[in-house]
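*Asks:* everything below, folded, please.
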Amino acid sequence: MYFLGFFGKSEKRYAGMSEAWKFRGVEFWDENMIFSETWVKKTSARIRAQKPDLAWIVSFDENENRGEMMEAFVSRYSRLQDTIGNKLLPVLLRATLEPSGTQLDNLSRAEKLGWVDSVERWIALRELRNRLVHEYMESPEDLLDALNEALESVDVLLDTRTRMAGVARTLLT
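*Replies:* Residues are numbered from 1 along each chain as shown. Model (predicted):
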């Protein structure tokens, strides 16, 4: 994780780096994404196979496995989204000589470059992630709706990661 210090917001530090160091950050986050992607796929597939419904949600107290599975999914989903938006995206922008700024600026630029389908969709997924992580659920029905939305949106995150991985591979070859 020692690469993080080199890829902060300071363009002055970044500007003096060799090309090799710029691309090591891209390589690091691209490899990190493979791990996150694998576990999100596995956990979402396990939950989908159980066809969660309201009874599934309210059974968390009696069935620890379901609660732990839900917790694992939320954690992995959040980590994947955070890593794409907060780590890989700024590094890729800088490595492609695009300016890096606020997350909204970065997402807008990524949309123009074809890396993200829609800034609005990404923001909606970010709000969903926040609801899941911070447990703003008023009822089991709300949690079920959020879970189903998150399960459906896994493909959006994976498609975004795939497009960014293509950019990373181009930079690394």
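*Asks:* what's the local residue count around residue 151?
*Replies:* Look at residue 151: counted by other Cβ atoms under 10 Å, it has 17 neighbours. The C-beta positions use only the backbone N, C-alpha and C, and glycine is treated the same way.
*Asks:* residues touching residue 74, list them.
*Replies:* 132-133, 150 (Cβ atoms under 8 Å, 6 or more residues apart in numbering).
*Asks:* same thing but 10 Å
*Replies:* 43, 129, 131-133, 135, 146-147, 150 (Cβ atoms under 10 Å, 6 or more residues apart in numbering).
*Asks:* phi, psi of it?
*Replies:* phi -60, psi -40 (degrees, to the nearest 10).
*Asks:* against residue 142, how distant is it?
*Replies:* Counting by Cβ to Cβ, to the nearest Å, the gap between residue 74 and residue 142 amounts to 14 Å.
*Asks:* report the set of residues contacting both of these two.
*Replies:* What both residue 74 and residue 142 touch, as defined by Cβ under 10 Å, 6+ apart, is the set residue 131.
*Asks:* what about residue 148, which helix or strand?
*Replies:* Assessed by DSSP states H and E, residue 148 sits inside helix 140-172.
*Asks:* ok so, going back, from the contacts of residue 74, which one has the minimum pLDDT?
*Replies:* Ranked by pLDDT, the contacts of residue 74 bottom out at residue 135 (70).
*Asks:* wait, what's in contact with that one?
*Replies:* With Cβ under 10 Å, 6+ apart as the criterion, the residues that contact residue 135 are 74, 143, 146.
*Asks:* buried residues, stretch 166-173. List them.
*Replies:* Buried positions in stretch 166-173, judged by neighbour count with 16 or more other Cβ atoms under 10 Å: 167-168, 171.
*Asks:* what's the answer for stretch 116-128, then?
*Replies:* For stretch 116-128, the buried set under the neighbour-count rule, 16+ other Cβ under 10 Å, comprises 116, 119, 122, 125-126, 128.
*Asks:* gap between that stretch and the chain center?
*Replies:* For stretch 116-128, the distance between its averaged C-alpha position and the chain's averaged C-alpha position is 11 Å (Cα atoms, centre = their mean, to the nearest Å).
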